[in-house]
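1. no sequence on this one, just coordinates:
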């Protein structure tokens with residue numbers, strides 16, 4: 001609605017500007033004729049007819065440009081249309097003025113002597129109008145094309161973001177179902193508890209499906225459900241600890257961004273060990289950045305041969321690049337026997 005009002009205001013300004021320009025031209029035309037001795041009433045009539053015809057032909061060019069915009073040989077088009085319309089306009093002006101003042105020989109002689117000058121002025125005015133219209137509509141077409149390109153890129157980016165979110169590794173789901181199946185016979189109460197936890201987790205996942213952003217508090221709550229399910233699977237072997245500054249909880253990050261990091265930490269922290277492993281999740285504000293790190297033990301001698309760029313890491317890096325246009329927002333590092341993934345989420349664009 002606001003855009004429509006703004007567009008209407010721009011059109012009115014253009015119309016008023018067009019009318020003011022030709023009114024000024026009429027006044028100048030009248031002044032020049034009276035300077036050369038033409039009576040003011042004849043000069044005013046001459047100026048009115050000449051300027052009205054020129055304005056009409058200019059409107060014709062402007063309207064024509066709206067439906068036909070030459071892509072090649074633009075300047076040749078400007079010359080041809082200006083020559084042709086200038087000649088037609090001059091002929092129409094001469095015909096009308098001769099019909100009005102057919103008995104005024106002095107004025108008709110003056111009219112005949114100024115035909116070349118009239119044609120030159122009309123040609124210049126039409127050429128300037130045609131060139132300006134050409135530039136205006138070319139710029140407008142370019143702007144609309146750029147807007148379409150931006151909209152297309154935005155749709156493609158959103159589609160890729162949705163695809164990345166939907167491609168979160170579902171291994172934990174299958175493993176959870178297998179664990180539930182195993183617990184059903186031996187520990188049915190524990191199996192029911194795990195089913196309830198899994199149900200709450202999936203319900204939260206569906207609720208967050210349409211959300212591009214979530215607060216850190218919402219992400220940590222959702223992540224806690226995931227960790228509770230994994231703790232049923234791994235028992236005492238999986239320990240988790242969350243250290244978070246209270247000031248960072250309201251700040252936002254892409255929804256469901258932390259789960260792949262934690263899943264990656266569990267995969268490479270527990271799968272090749274039989275002892276107890278602690279996953280540490282910490283968050284704090286670093287200037288205008290929300291910094292979240294996920295830390296897990298890592299033994300290069302027993303771990304599977306990975307380079308730290310599996311689907312989870314790659315998807316997070318890609319999502320951050322699509323949202324912020326920066327490739328440096330996910331940092332992967334090893335410190336001794338610790339594998340640490342650090343997220344940096346800018347807050348200015350959220």
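-> Arrived safely, thanks for sending. These figures come from a predicted structure and were not determined experimentally.
2. what segments of the chain are helices?
-> Using DSSP state H, the helices of the chain run over 2-35, 40-67, 74-100, 105-113, 115-166, 171-186, 188-207, 216-234, 258-270, 311-324.
3. let me know which of those helices is tucked in deepest.
-> When those are scored by mean count of other Cβ atoms under 10 Å, the highest mean neighbour count falls to helix 258-270 (a mean of 22). Placement of C-beta: from N, CA and C, glycine included.
4. same for that one, what does it pack against?
-> When contacts are defined as 3 or more Cβ pairs under 8 Å, 6 or more residues apart in numbering; DSSP states H and E, helix 258-270 packs onto helix 171-186, helix 216-234, strand 277-286, strand 289-297, helix 311-324, strand 338-346.
5. centre of the chain to the longest one, how far?
-> For helix 216-234, the gap between its own C-alpha mean and the chain's C-alpha mean amounts to 35 Å (Cα atoms, centre = their mean, to the nearest Å).
6. for that helix, packing partners?
-> Under the contact criterion of 3+ Cβ pairs under 8 Å, 6+ apart, helix 216-234 touches helix 171-186, helix 188-207, strand 238-244, strand 252-254, helix 258-270, strand 277-286.
7. distance to residue 342 added to the ones you listed, as a markdown table?
-> Output for these, formatted as a markdown table (distance: least, Cβ to Cβ, whole Å):
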| stretch | distance to residue 342 |
| --- | --- |
| helix 171-186 | 23 |
| helix 188-207 | 25 |
| strand 238-244 | 14 |
| strand 252-254 | 13 |
| helix 258-270 | 10 |
| strand 277-286 | 9 |
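8. and residue 34, which of those is closest to it?
-> Among the helices and strands packed on helix 216-234, the nearest to residue 34 by Cβ to Cβ is strand 252-254 (71.4 Å).
9. tell me what that closest one is packed against?
-> Under the contact criterion of 3+ Cβ pairs under 8 Å, 6+ apart, strand 252-254 touches strand 213-215, helix 216-234, strand 289-297, helix 311-324, strand 338-346.
10. quick one on the thing from earlier: can you tell me which of the helices and strands packed on helix 216-234 is nearest to residue 319?
-> So among the helices and strands packed on helix 216-234, strand 252-254 is nearest, using Cβ to Cβ, at 5.8 Å.
11. quick one: strands adjacent to that closest one?
-> Strands that pair with strand 252-254, judged by DSSP bridges, come out as strand 213-215 (antiparallel).
12. out of the helices and strands packed on helix 216-234, nearest to residue 88?
-> Of all the helices and strands packed on helix 216-234, strand 252-254 comes closest under Cβ to Cβ, at 63.0 Å.
13. name the residues that touch the closest one?
-> Contact with strand 252-254 is made by 212-216, 219, 290, 292, 319-320, 323, 343, 345, 347, 350, as judged by Cβ atoms under 8 Å, 6 or more residues apart in numbering.
14. if we use 7 Å, what do you get?
-> Contacts to strand 252-254, defined as Cβ atoms under 7 Å, 6 or more residues apart in numbering, come from residues 212, 213, 214, 215, 216, 219, 290, 319, 323, 345, 350.
15. next, give phi and psi for residue 245.
-> Main-chain dihedrals, residue 245, degrees, to the nearest 10: phi -70, psi 130.
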